[in-house]
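Visitor: Build me a model:
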Amino acid sequence: MRNLPKMLAVLIGLLAVVFLGVEAYPKDKNETDAIEVGTWQFLWDPADNQTAAEAPPEYVLHSSDWTPMNEETMPPAKAASTDWAWIRIDVPQLGWPIPAVLIEKAYGRHVVAYTEYRELFDSRRQYRYAMNELLLPLRAEDAGGSVYIRMQVAEPRPGIVQNIAFGSFYELLTVYLTRDILDIMLGGSFALIGLVMLICAVFLNRNYSKAWLSLSCVILSIGLLVISYSPFLFTLYPDYGGILQRMFDVALFALLPSFLFFFQTVFGKGYRNSILHLSRFQLGYSFFCLLLLIGNVLTGERYFSVYYLLTTTVLGVLMIVELLTMLTCSVLYSLQRNKDALIFNAGLAAFAGIGIFELFRYYASGEQYDLYWWKWGMVIFVVSLIVVLGRRFAETHNQVLEYSRQLETFNNELQRAEKMEIISELAASVAHEVRNPLQVTRGFLQLLGERSAASEKAYIGMALEELDRASGIITDFLTFAKPGAENVKTLSIAEEFRHIEGVLTPLASIHHGKITLDIAPDLYVKGNSSKFKQAFINMIKNSIEALQEEGKIAVRAAKEDGEVVIRIRDNGVGMGPEELKRLGEPYFSNKTKGTGLGLMVTFRIIEAMQGTLTFDSEKGAGTEATVRFPEASD
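Guide: Sure thing, here's the model as predicted:
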């Protein structure tokens, strides 16, 4: 219940932020303008009294040792016997219904605020944290008096206050909340994203888990750092300040090794394994810092100076070295035109540049500089990390798809090769045995036909036709089993196609088609002439039979990249994707009496000549066959 008034104040402030156009009460311009104060007075507490009081003691109210100060001056030297100081701020005329004073920065471990006769605020801190943001409600009778702030100044920047403004409580509350609420929202968003990513990591494939987990830890650590660095929660909930400090330290210890491991997972080990060595060292040092944190808590911060040196000063130097190393490595990767490295380098450059600048400024100012811009550098950097990881996932997905397509193609080729091998063995073992009886049978039928009556000759003629068709099938089997490794010589493409054109032109005319040749000169391949003609006669014959009215068959041959490429294009009926997949299979044909053996033999002959055959077709738009052979010299 003690935090209920503060929670109500936060709620009122959030409502004021959301509904900026709605005014709680009527007021004129003078009532909304805040009065900024740039000077105050400083006094070391001569009594060094640590007991709480309801109002400033008389020796403070009537002391003549007050020292005027502003943001540019430092307080007088501290006496060895005291760690407490007083700040006095003069209160101007208060023309607001509910006046207040906002002190955006007050550096002191334990801060108590008073007017001359009552207590306004007590931080009640039992831990080392020197940043305070004070919003103190006043009364109309406080005008012309003073606000007294008593603080323990064992930390750097003793007794300094900044950005003092008197004004309406609700207006200053809006400033008070909106100044640091963005840090809480930003850090909370990062922490939530990191937690969700950690939960999702359970369902990820192992190939993605390392990069995903390291990025989750980076984002979660950044979120906790932003939350626990903001003075908003320390001021609003001072009892939990110790927990917030420990959370900040743990998040910082986890951030650096996670960051290095993510870089190593995505881009590699770096130049001469520099990133690998740094990540291992940082992991060990972070674990060492965690042990120091536990020891610092257990000893009641008795050795805080040692803990601060090793976990803040030394760790800050390590951070600068690691950021510079990663920045250098990412630049090297970027010079290799690695797009992921370019994106990562842009984000890292923003984060590292801002971080290094602020760290140098922090140490150069004697640790009296408040780190502010680093959180925006982290936002840019986290976005770049997410983009890089997303690109890696997309790239891996595309690779999986490509591997799947290649595997499907390989399986199809393997099945086809197995089929062809079986057919080849059958052809070699059966064809000769079947051909001889067929020839004997045909001879006897011819003799019978010469002696038969006219009515019987028609049947004998049909029988002879079927025997010739069977003999042709067996010839195809024999050609498939032995596609022509003998009688290999250098073939002139132009000369071979002149013979092919002479053979097929009459057939094309019967089907109302026309064959045109466009053969580049001096094209030569190695192969068997008769088998070469057989293969291309089979393909062109298929094109002729697929023609419709005014059909055209264009044969073009040219040299491309050291290969002889022959393309046969027709404007026939075309084929669909399923038909294209099955081309070359035995007994698959689009013709009524086709066996599919002709195209199967064609594939076999071209393969024997170290060539490749591919088809491109579309229903109603025709078909194009492309054959590629290694070029041979004349």
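
Visitor: from memory residue 228 sits against residue 245, does it?
Guide: Yes. Here residue 228 lies in contact with residue 245, judged by C-beta atoms under 8 Å, at a distance of 7.1 Å. (C-beta placed from N, C-alpha, C; glycine too.)

Visitor: Between the two, which is the more surrounded one?
Guide: residue 228 (22 against 17; other C-beta atoms under 10 Å).

Visitor: chain center to stretch 163-179: distance?
Guide: 41 Å (C-alpha atoms, centre = their mean, to the nearest Å).

Visitor: could you give me the average pLDDT of it?
Guide: Confidence for stretch 163-179, expressed as mean pLDDT, is 85.

Visitor: residues of it that come out buried?
Guide: Using 16 or more other C-beta atoms under 10 Å as the test for burial, stretch 163-179 gives 163-177, 179.

Visitor: What ranges in the stretch 451-600 of the chain fall below the confidence cut-off?
Guide: Where the stretch 451-600 of the chain drops to pLDDT under 70, the residues are 451-455, 457, 469, 472-486, 584-597.

Visitor: In it, what residue spans correspond to helices?
Guide: Secondary structure of the stretch 451-600 of the chain (DSSP state H, counting those that start in this stretch): helices at 454-481, 493-510, 529-545, 577-582, 597-608.

Visitor: could you dump these to TSV with mean neighbour count and distance to residue 346?
Guide: Formatted as TSV, those follow (neighbours: other C-beta atoms under 10 Å; distance: least, C-beta to C-beta, whole Å):
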stretch	mean neighbour count	distance to residue 346
helix 454-481	15	60
helix 493-510	15	54
helix 529-545	21	55
helix 577-582	12	43
helix 597-608	22	51
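
Visitor: in the sheet, who's paired with residue 513?
Guide: residue 551 (DSSP bridges).

Visitor: same deal with the one 5 residues further on?
Guide: Beta-bridge pairing of residue 518 under DSSP bridges involves residue 556.

Visitor: what about it, neighbour count?
Guide: 11.

Visitor: Next: residue 414.
Guide: By the criterion of other C-beta under 10 Å, residue 414 has 10 neighbours.

Visitor: Likewise for residue 213?
Guide: Around residue 213 there are 18 residues (other C-beta under 10 Å).

Visitor: thought it was touching residue 200?
Guide: No. Checked against C-beta under 8 Å, the pair residue 213 and residue 200 is beyond contact range at 10.2 Å.

Visitor: hey, what's in contact with both of these two?
Guide: Common contacts of residue 213 and residue 200 (C-beta atoms under 8 Å, 6 or more residues apart in numbering): none found.

Visitor: Go through the helices of the stretch 451-600 of the chain and name the closest to residue 73.
Guide: Closest to residue 73 of the helices of the stretch 451-600 of the chain is helix 577-582 (C-beta to C-beta; 83.5 Å).

Visitor: can you list the domain ranges for this structure.
Guide: Following automatic domain parsing, one finds the domains of the chain at 4-179, 180-403, 407-462, 484-630.

Visitor: For these, which has the smallest mean pLDDT value?
Guide: Among these, domain 407-462 scores lowest, with a mean of 69.

Visitor: any idea how far residue 204 is from residue 242?
Guide: 36 Å (C-beta to C-beta, to the nearest Å).

Visitor: contacts for stretch 347-366?
Guide: Here stretch 347-366 has contacts from 156, 313, 316, 319-320, 323-324, 326-327, 330, 369, 371-374, 376-378, 380-385, 387, using C-beta under 8 Å, 6+ apart.

Visitor: Give me the subset of these lying in strands.
Guide: Using DSSP state E, no member of the contacts of stretch 347-366 falls within strands.

Visitor: picking up where we left off before, just the buried residues of stretch 163-179: which are in helices?
Guide: 169, 170, 171, 172, 173, 174, 175, 176, 177, 179 (DSSP state H).

Visitor: Give me the distance between the last one and residue 186.
Guide: In this case it means residue 179. 13 Å.

Visitor: now do the fourth one
Guide: Taking C-beta to C-beta as the criterion, residue 172 is separated from residue 186 by 23 Å.

Visitor: Over to the fifth one?
Guide: If you measure residue 173 against residue 186 using C-beta to C-beta, the figure is 21 Å.

Visitor: Ok, the second one next?
Guide: With distances defined as C-beta to C-beta, the gap from residue 170 to residue 186 amounts to 25 Å.

Visitor: Over to the closest residue to residue 66 other than its chain neighbours. Which of the three states is it?
Guide: Once flanking residues are discounted, residue 66 sits nearest to residue 41: 4.0 Å by C-beta to C-beta, 6 or more residues apart in numbering. Three-state call for residue 41 (DSSP: H, G, I helix; E, B strand; the rest coil): strand.

Visitor: I figured residue 41 was touching residue 65, is that so?
Guide: No. Between residue 41 and residue 65 there is no contact under C-beta under 8 Å: 9.6 Å.

Visitor: of the two, who's got more company?
Guide: When neighbours are counted by other C-beta under 10 Å, residue 41 and residue 65 differ, and residue 41 comes out ahead with 17 against 13.

Visitor: Identify the residues contacting the more buried one.
Guide: Neighbouring residues of residue 41 by C-beta under 8 Å, 6+ apart: 66, 67, 68, 69, 87, 88, 89.

Visitor: repeat for residue 198
Guide: 213, 216, 217, 220.

Visitor: separation between the closest residue to the second one other than its chain neighbours and residue 385?
Guide: Of all residues not flanking residue 216 in the chain, residue 197 sits nearest, at 3.8 Å (C-beta to C-beta, 6+ apart). Taking C-beta to C-beta as the criterion, residue 197 is separated from residue 385 by 11 Å.

Visitor: In terms of neighbours, single out the busier of these two.
Guide: Neighbour totals were compared for residue 197 and residue 385, and residue 385 leads with 25 against 20 (other C-beta under 10 Å).
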